[in-house]
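Participant: missing the sequence, but the structure's below:
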C-alpha cells in the first residue's frame, strides 16, 4: 500500500539512497535536509518519519519535540549517536524506534514496513468506529462517554485514571515519561509531583488485570510508560 514517508537528514547521499529504495517499493517520499524544513513538511501528514539527530540549526530531538503534539505517525530516529542516553531521550520525546548508523538497509526497510503495518491496523480500526472509540483487541475506550470496557465489562476508573488511559491509548506505542504524563494530566502549575503517576498506573493495571490477561500499559525501564498497540 502506498504510504507517504518524510526523511529528515542532512546527508544528501543517504537521503537519496533511502528515497530511491522507498520509491521502488511504491511509497511517496518527501525529503528535508534541515530541521526547520522537516517541521514544515511534517504538516503534509506523512505516514512515517525517518529523522536524523545531528543536523545544522534545529537538531532531530528538537524537531521531534516540535512536531509530536500534532503529528501522530511513527517516528524512526536514524542517527550516528549510539549512547543509551541518546536512545532514551529519543524515545522519551516520542520516537517509536531508534536505529544507529551504520545500519543494514534491509533491517531499516523491514522496520519501516512493520511500523506502517501497525499504523494502518490502528487507523483502520479507529476509522471504522469513527474515532470516538478506540479498540485494542478486547478493550474498548469510548472517548465520548469516557468509559473503558474490557471484554464487555466496565472498568471503573477515576477521572485521573481515565485521563491517563486516554492519553496513552491515543498515542499507542509512544513512550511517555512520568513527568510528561503528570504535566499533561495535572498541569504545569499543579501541586505535587510525578510520583503520583506511578501509583495511578499501578491502580489502573490492577483494575485491568482483574478483567483481562493482557497487559495494555508497558513499563519502558529508565524512560516511562507506553500503551501497547497490539
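Facilitator: Yes, it's here. Values in this document were obtained by computation on a predicted structure and should not be read as measured data.

Participant: can you tell me the centre-most residue of the chain?
Facilitator: The centre of the chain sits closest to residue 174, judged by Cα atoms, centre = their mean, with a distance of 2.9 Å.

Participant: helix or strand: which one has it?
Facilitator: Assigned by DSSP states H and E, residue 174 falls within no helix or strand.

Participant: distance of it relative to residue 48?
Facilitator: 14 Å (Cβ to Cβ, to the nearest Å). Quick note: C-beta positions are derived from backbone N, CA and C, even for glycine.

Participant: how is this protein divided into domains?
Facilitator: According to automatic domain parsing, the chain comprises the domains 4-123, 129-227.

Participant: just name the most buried of these.
Facilitator: Burial of the domains of the chain is given as mean neighbour count (mean count of other Cβ atoms under 10 Å); domain 4-123 ranks first at a mean of 18.

Participant: for that domain, give the mean pLDDT please.
Facilitator: Domain 4-123 carries an average pLDDT of 88.

Participant: quick one: the strands in the protein, in order.
Facilitator: 4-8, 28-32, 48-51, 75-79, 97-100, 133-136, 139-142, 147-150, 153-154, 217-220, 224-227 (DSSP state E).

Participant: could you dump those into CSV and include distance to residue 170?
Facilitator: Converted to CSV, those look like this (distance: least, Cβ to Cβ, whole Å):
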stretch, distance to residue 170
strand 4-8, 21
strand 28-32, 25
strand 48-51, 18
strand 75-79, 16
strand 97-100, 19
strand 133-136, 7
strand 139-142, 9
strand 147-150, 13
strand 153-154, 20
strand 217-220, 13
strand 224-227, 8
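
Participant: what's the closest of the ones you listed to residue 180?
Facilitator: Nearest of the strands of the chain to residue 180, taken as Cβ to Cβ: strand 224-227 at 7.0 Å.

Participant: how far is the closest one from where the chain is centred?
Facilitator: 10 Å (Cα atoms, centre = their mean, to the nearest Å).

Participant: run through who's touching it.
Facilitator: 92, 136, 168-169, 171-178, 180-181, 201, 216-220 (Cβ atoms under 8 Å, 6 or more residues apart in numbering).

Participant: now do 6 Å
Facilitator: Applying Cβ atoms under 6 Å, 6 or more residues apart in numbering, the contact partners of strand 224-227 are 168, 169, 172, 175, 176, 177, 178, 217, 218, 219, 220.

Participant: next one: residue 179 from residue 218, what distance?
Facilitator: For residue 179 relative to residue 218 (Cβ to Cβ), the value is 18 Å.

Participant: surely residue 57 touches residue 33?
Facilitator: No. Here residue 57 does not reach residue 33: they are 10.4 Å apart, not a contact under Cβ atoms under 6 Å.

Participant: now do the helices in the protein.
Facilitator: 12-24, 35-41, 60-67, 84-92, 105-128, 159-170, 178-186, 195-209 (DSSP state H).

Participant: quick one: closest of these to residue 150.
Facilitator: Checked against Cβ to Cβ, the stretch from the helices of the chain lying closest is helix 195-209, at 6.5 Å.
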